[in-house]
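**Q** sequence first, then the predicted structure:
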Amino acid sequence: MVKKISGEYFLNRSEVIDYLLSAYNLKWCTTKWNSKFVEISFANNQDIRSRISVPAYKMCESKIVRLRKRQIDLEMLRIVNES
């Protein structure tokens, strides 16, 4: 479930995939844990593949890694604007 902390939304890895597939109309999307970051690989409808790396956060008393929605959107917009 999406968590809202201090006015910001944090998503777990499966929520990130669902969000990106629908919000950015992607063909496919995967996530991979890499040190303190989560790498998100994806392809759009024109089969153009890209990858972004977003810092991961662990919330208090939880083992679930979450990503800040704002950071995901900023990275995705950077990719979209480059195309």
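**A** Structure's in. What do you need?
**Q** before we move on, what SS does residue 16 have?
**A** Here residue 16 takes the helix state, with states given by DSSP: H, G, I helix; E, B strand; the rest coil.
**Q** parallel or antiparallel, list what pairs with the helix or strand hosting residue 38.
**A** Using DSSP states H and E, residue 38 sits in strand 37-43. Take DSSP bridges as the rule and strand 37-43 pairs in its sheet with strand 28-34 (antiparallel), strand 49-58 (antiparallel).
**Q** so which of the ones you listed gets nearest residue 13?
**A** strand 28-34 (4.5 Å; CB to CB). (Glycine included, C-beta is placed from N, CA and C.)
**Q** buried ones in the closest one, by neighbour count?
**A** 29, 31 (16 or more other CB atoms under 10 Å).
**Q** just the CA trace of it, in CSV.
**A** Extracted in CSV, the C-alpha atoms of strand 28-34 (Å, rounded to 0.1, in the frame of the first residue of the first chain):
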residue,chain,number,x,y,z
TRP,A,28,7.1,-3.5,-19.7
CYS,A,29,8.9,-2.5,-16.5
THR,A,30,11.2,-4.3,-14.1
THR,A,31,13.0,-3.4,-10.9
LYS,A,32,16.3,-4.6,-9.5
TRP,A,33,17.9,-3.8,-6.1
ASN,A,34,21.4,-2.4,-6.4
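**Q** what about that strand, distance to the chain center?
**A** 8 Å (CA atoms, centre = their mean, to the nearest Å).
**Q** circling back to that earlier point, output the strands paired with strand 37-43 as JSON lines; include the columns mean pLDDT and distance to residue 21.
**A** Converted to JSON lines, the strands paired with strand 37-43 look like this (pLDDT from 0 to 100; distance: least, CB to CB, whole Å):
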{"stretch": "strand 28-34", "mean pLDDT": "94", "distance to residue 21": "6"}
{"stretch": "strand 49-58", "mean pLDDT": "94", "distance to residue 21": "14"}
